[in-house]
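Asker: kindly return the folded structure for what I paste below:
(chains A and B)
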Protein chains: 2
Amino acid sequence: MRYKLIISYDGTNYCGFQKQKNPNTVQEILENALCKVLKSNVSLVASGRTDAGVSAIEQVCHMDYDNAIDNKKFLGYANSILPSDIRILDIDMIDNGFHARYSAKRKTYEYLFYVGKTHIPVYDNIASNIGYNVNLEDMKRACKEFLGEHDFSAFCASNTNVKDMTRTIYAIDIINVEDQLYKLVVTGNGFLYNMVRIIMGTLIEVGIGKKSYMDIAEIIKSKDRNKAGKTAEAKGLYLKKVEY
Amino acid sequence: MRYKLIISYDGTNYCGFQKQKNPNTVQEILENALCKVLKSNVSLVASGRTDAGVSAIEQVCHMDYDNAIDNKKFLGYANSILPSDIRILDIDMIDNGFHARYSAKRKTYEYLFYVGKTHIPVYDNIASNIGYNVNLEDMKRACKEFLGEHDFSAFCASNTNVKDMTRTIYAIDIINVEDQLYKLVVTGNGFLYNMVRIIMGTLIEVGIGKKSYMDIAEIIKSKDRNKAGKTAEAKGLYLKKVEY
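Answerer: So this is what the prediction gives:
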């Protein structure tokens, strides 16, 4: 039987979602807890990995397990043994055709940032400081250039073995959360490795005048990673929602 | 000469703003840093103290110091020796009649909370979880009852020696930040000890149906601390702004 799980985590203290040599990953911690709760080894398949330090409000996973699961008991037990920065929000049986990664239709990421001469400690816990002399209107104009279906090779980290770099961005904008605090909200059918952070890094360069919003179309067209901006720091990036 | 300072801090790891026996207060850390920078002992007077665990986006202080201060140099040096959860955002000379506490005209606090069956780790870093079965409309209705000038004795922690408990609330409302995340925003001419947290605790009891929004006027009138709700936890409370 296949189960769909909604997972929420603060990625600050983890080496990313995906299992690797270093055992300090969200996936490893989750699978160890599931093993205790279900008394069986299960493997989680996520909608996608998140980088070291990146958090998720709602990550979606699936797993196969051949017994019935009591939703309430399972959540209570699993969350009682998980560290407080990882939580399972929900679990439900789902048909075997469902695949957390391949069935995903839309993903939304948010990148929280603030503008300020001096660091604001409360904001530093959740957002990235991009300086103060930035043109937010130009950054918003630049956002529009990413809309639609493009080959996003220029916005993908080099260490990837994905062949098809074409992705569609359905919505992208910068929203004022309060005072100096803003968020980039971007929804697409999928994202390449580091794609949101490279888009954000490029938007920062537009904000500080190092690039123009009119350069974006050409950067996309170039398919050249070196033409885009730096990869923005992981802090501030949140996987917000995965839709099926 | 008198100087006005804008201070920003994450209060999570401190025993409150005000100096006390325990040296781990924001004031003590600040005064030690100022002593190093100015090579002179100075005392800070704040707009008011914040409790243990309470943060400030903008706290205002004043201090007396008899030499000229170069704003940029001062901020650079002071912030380089302060821990990363305390920052001085600005410093400026001000006339001797200015008093950080007595000259304050309006203060705004925010209390960040979320509703949810399960804890959401990312929100837990910044907000208080008040459960999921809450009536937010009733909480919003209850807010209105606090507006105006009242004797807020029922909303003051017992261990205080303030005589006049009359305060005026100019604005109070609950605003949806995103999805399950909300904030209580309250502006008044001043606040009693624990007042915002007791208001929040009372609103939570309205939300879960333990009290009605129609009870608020009577609770205020009673001047009885026992009639109001519990003191909500410190996490989630932010001193947002002090106006002069």
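
Asker: would you map the strands across chain A?
Answerer: When secondary structure is read from DSSP state E, chain A shows strands at A:2-9, A:45-46, A:55-64, A:86-94, A:106-114, A:128-129, A:148-151, A:166-178, A:181-188, A:237-243.

Asker: out of those, which is closest to B:Lys221?
Answerer: Comparison of these against B:Lys221 by C-beta to C-beta identifies strand A:166-178 as nearest, at 34.3 Å. In this view, the C-beta of every residue, glycine as well, is placed from N, C-alpha and C.

Asker: what's the angle between the closest one and strand A:106-114?
Answerer: Angle of strand A:166-178 versus strand A:106-114, following axes from the mean of the first three to the mean of the last three C-alpha atoms, to 10 degrees, is 40 degrees.

Asker: show me what strand A:166-178 pairs with in its sheet, parallel or antiparallel.
Answerer: When pairs are called by DSSP bridges, strand A:166-178 turns out to pair with strand A:148-151 (antiparallel), strand A:181-188 (antiparallel).

Asker: ok, the closest residue to A:Leu44 other than its chain neighbours - contacts?
Answerer: Taking C-beta to C-beta, 6 or more residues apart in numbering or on different chains, and ignoring the residues beside it in sequence, A:Leu44 has A:Cys61 as its nearest neighbour in space, at 4.4 Å. A:Cys61 makes contact with A:4-5, A:7, A:30, A:44-47, A:100 under the criterion C-beta atoms under 8 Å, 6 or more residues apart in numbering or on different chains.

Asker: and which of these is nearest B:Val185?
Answerer: The shortest distance between B:Val185 and any of these, using C-beta to C-beta, involves A:Ile7 and amounts to 31.3 Å.

Asker: I'd say the closest one and A:Arg87 touch.
Answerer: Yes - using C-beta atoms under 8 Å, A:Ile7 makes contact with A:Arg87 at a distance of 7.3 Å.

Asker: who has more neighbours, these two?
Answerer: Taking A:Ile7 and A:Arg87 together and counting by other C-beta atoms under 10 Å in any protein chain shown, A:Ile7 has the greater number of neighbours (26 against 22).

Asker: can you name the residues bridging to that one?
Answerer: Following DSSP bridges, A:Ile7 is listed with bridge partners A:Gln59, A:Ile88.

Asker: tell me who's in contact with it.
Answerer: Taking C-beta under 8 Å, 6+ apart as the definition of contact, the neighbours of A:Ile7 are A:26, A:30, A:46, A:56, A:58-61, A:86-89.

Asker: how about those in CSV, adding pLDDT?
Answerer: Supplementary listing: the contacts of A:Ile7 in CSV, determined by pLDDT from 0 to 100:
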residue, pLDDT
A:Val26, 97
A:Leu30, 98
A:Ala46, 97
A:Ala56, 98
A:Glu58, 97
A:Gln59, 98
A:Val60, 98
A:Cys61, 98
A:Ile86, 98
A:Arg87, 98
A:Ile88, 98
A:Leu89, 97
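
Asker: narrow these to those that are buried.
Answerer: Among the contacts of A:Ile7, those scoring as buried are A:26, A:30, A:46, A:56, A:58-61, A:86-89 (criterion: 16 or more other C-beta atoms under 10 Å in any protein chain shown).

Asker: could I get the full set of helices for chain A?
Answerer: Using DSSP state H, the helices found in chain A span residues A:26-38, A:71-81, A:121-124, A:136-144, A:195-207, A:216-222.

Asker: please see if the first one touches chain B.
Answerer: What it means is helix A:26-38. No - looking at helix A:26-38 against chain B by C-beta under 8 Å from any C-beta of the partner chain, there are no contacts, and the closest approach is 10.3 Å.

Asker: next, the angle from that helix to strand A:86-94.
Answerer: Using the same axes, to 10 degrees, the direction of helix A:26-38 lies 60 degrees away from that of strand A:86-94.

Asker: name the residues of helix A:26-38 that are buried.
Answerer: Buried residues in helix A:26-38, defined by neighbour count with 16+ other C-beta under 10 Å: A:26-31, A:33-34, A:37-38.

Asker: need the CA coordinates for it. CSV is fine.
Answerer: This file holds the C-alpha atoms of helix A:26-38, laid out as CSV (Å, rounded to 0.1, in the frame of the first residue of the first chain):
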residue,chain,number,x,y,z
VAL,A,26,15.9,15.2,7.1
GLN,A,27,15.3,12.0,5.2
GLU,A,28,17.5,9.8,7.4
ILE,A,29,16.1,11.2,10.6
LEU,A,30,12.5,10.6,9.3
GLU,A,31,13.2,7.1,8.1
ASN,A,32,14.8,6.2,11.4
ALA,A,33,11.7,7.5,13.2
LEU,A,34,9.4,5.6,10.8
CYS,A,35,11.3,2.4,11.3
LYS,A,36,10.7,2.7,15.1
VAL,A,37,7.0,3.5,14.7
LEU,A,38,6.2,1.0,11.9
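
Asker: where in chain A is pLDDT low?
Answerer: Low-confidence segments of chain A, defined by pLDDT under 70, are absent; every residue clears the threshold.

Asker: can you list the residues of chain A near chain B?
Answerer: Taking C-beta under 8 Å from any C-beta as the criterion, the contact residues of chain A with chain B come out as A:8-10, A:55-57, A:75, A:79, A:84-90, A:116-126, A:177, A:179, A:238.

Asker: just the buried subset of those residues, please.
Answerer: Buried residues within the residues of chain A next to chain B, defined by neighbour count using 16+ other C-beta under 10 Å: A:8-10, A:55-57, A:75, A:79, A:85-90, A:116, A:118-124, A:126, A:177, A:238.

Asker: tell me which of the strands paired with strand A:166-178 lies nearest to B:Tyr14.
Answerer: Shortest distance between B:Tyr14 and those, using C-beta to C-beta, is found for strand A:181-188: 22.4 Å.

Asker: nearest to B:Asn96, of the buried residues of helix A:26-38?
Answerer: For those, the residue nearest B:Asn96 by C-beta to C-beta is A:Val26; the value is 55.9 Å.

Asker: residue contacts, the closest one?
Answerer: With contact taken as C-beta under 8 Å, 6+ apart, A:Val26 is in contact with A:7, A:9, A:11, A:14, A:16-17, A:50, A:86.
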